[in-house]
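1. Build me a model:
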Amino acid sequence: MSEQQPVFSCHDVHVWVADREVVKGVDLAVAPGEIHAIMGPNGSGKSSLANALMGHPAYTLDGRLLLGSEDVTAFSPDEKARKGMFLAFQYPVAVPGVTVASFLRAAVTAVRGTEVPVREFRKELLARMADLEMDSGFAGRYLNDGFSGGEKKRLEILQLLMLKPRFGLLDETDSGLDIDALRIVSRGINAAAQQDVGMVLVTHYQRLLNYVQPHVVHVFMDGRIVRSGGPELALQLEERGYDWLTPQIGAA
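-> Below you'll find the model as predicted:
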């Protein structure tokens, strides 16, 4: 793991949904350009962790979150976004009546703190869309309205590339993608990492990690990280599943 100062770290994070504790003490430290993969069975708390770190109101979080050296624990989601945090949703929401271009221009303006000239914004948007093999007409469509699963996930990565965050949480970005869409989305993730974006990828499957090489793989079970290792750990999980790690849950 890199010895650079973490771009994001969290310490002793616990998360509740109503009265049920779903994350039971998590510590992470992610350096600029570093990719961490969190893998685990359904219902283990992976997506709850990602959403709670970003400040989703359905979750109650206890612990400490640092973006660089700044404590952002109590920040609202929009404040975290302006500081450089980003969340790609597992189930992106459709917003009929709002075009992709207008949504992205408003988001870029909010995050950068200054309005981007229309010509400059359009040039950048079209370049990033080309990187993701998206037709230019996509910019005029309503946000996620009638989009296929693959189109929704490409749009999430388009947002990542346009907003240029310091730290990104990608919640099952690979779910529902065919092999071509997975390859294209992975290219965008790798491009962001090359711009020193630290990232945490929540995923079920090794197949994403065939295209995006993680620096660290964490196994998440029963609300805890029970083991961490290199890319080879993901291969072990693919071959053996999670049952062989069950005895370690109580010791985590």
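2. Could you give the bridge partners of the residue positioned nearest the centre of the chain?
-> For the chain, L170 is the residue whose C-alpha lies nearest the centre (CA atoms, centre = their mean; 1.7 Å). Taking DSSP bridges as the rule, L170 bridges to A88, L201.
3. Roughly how far does it sit from E21?
-> The spacing between L170 and E21, counted by CB to CB, to the nearest Å, is 24 Å. C-beta: built from backbone N, CA, C; applies to glycine.
4. For G33, give me phi and psi.
-> Phi and psi for G33, reported as degrees, to the nearest 10, are phi 80, psi 0.
5. Surely it and A192 touch.
-> No: contact criterion CB atoms under 8 Å: G33 and A192 do not qualify, at 9.1 Å.
6. Helices of the protein, start to end?
-> In the chain, the helices defined using DSSP state H lie at 46-54, 77-83, 100-112, 118-131, 149-163, 179-194, 206-209, 231-240.
7. neighbour-wise, which of G33 and A192 wins?
-> Relative neighbour count places A192 above the other of G33 and A192, with 23 against 17, counting by other CB atoms under 10 Å.
8. ok, how many other residues are close to the nearest residue to that one once chain neighbours are set aside?
-> In space, and not counting its chain neighbours, A192 is closest to L160: 5.4 Å by CB to CB, 6 or more residues apart in numbering. For L160, the neighbour count with other CB under 10 Å is 25.
9. for G43, same thing?
-> Using other CB under 10 Å as the criterion, the residues surrounding G43 number 12.
10. what about it, distance to E120?
-> For G43 relative to E120 (CB to CB), the value is 45 Å.
11. and the residue nearest to the centre of the chain, what does it touch?
-> L87, A88, E156, L160, I189, M199, V200, L201, V202 (CB atoms under 8 Å, 6 or more residues apart in numbering).
12. How about stretch 62-78, which residues are buried there?
-> Buried residues in stretch 62-78, defined by neighbour count with 16 or more other CB atoms under 10 Å: G63, L65, L66, L67, V72, T73, F75.
13. lowest-pLDDT helix or strand in the chain?
-> In the chain, no helix or strand scores lower on mean pLDDT, DSSP states H and E than helix 206-209, which sits at a mean of 86.
14. List the buried residues in it.
-> In helix 206-209, counting by 16+ other CB under 10 Å, buried: Q206, L208, L209.
15. could I get the residues you listed as JSON lines with distance to Q236?
-> As requested, the buried residues of helix 206-209 are exported to JSON lines (distance: CB to CB, whole Å):
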{"residue": "Q206", "distance to Q236": "10"}
{"residue": "L208", "distance to Q236": "16"}
{"residue": "L209", "distance to Q236": "12"}
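16. now, among those, which is nearest to G146?
-> L208 (25.4 Å; CB to CB).
17. just to revisit the earlier point, would you tell me which one of the helices of the chain is buried the most?
-> Greatest average neighbour count among the helices of the chain goes to helix 46-54 (a mean of 24), per mean count of other CB atoms under 10 Å.
18. Could you give the separation of that one from the chain centroid?
-> Per CA atoms, centre = their mean, to the nearest Å, the displacement of helix 46-54 from the mean C-alpha position of its chain is 9 Å.
19. which secondary structure elements does it contact?
-> strand 8-17, strand 20-30, strand 35-39, strand 60-67, strand 85-88, strand 167-171, strand 198-203 (3 or more CB pairs under 8 Å, 6 or more residues apart in numbering; DSSP states H and E).
20. Tell me what angle the longest one forms with helix 46-54.
-> Inter-element angle recorded for strand 20-30 and helix 46-54: 70 degrees (by axes from the mean of the first three to the mean of the last three CA atoms, to 10 degrees).
21. repeat for the first one
-> Using the same axes, to 10 degrees, the inter-axis angle of strand 8-17 relative to helix 46-54 is 110 degrees.
22. How about the third one?
-> Calculated by the same axes, to 10 degrees, strand 35-39 forms an angle of 130 degrees with helix 46-54.
23. All good on my end, thank you.
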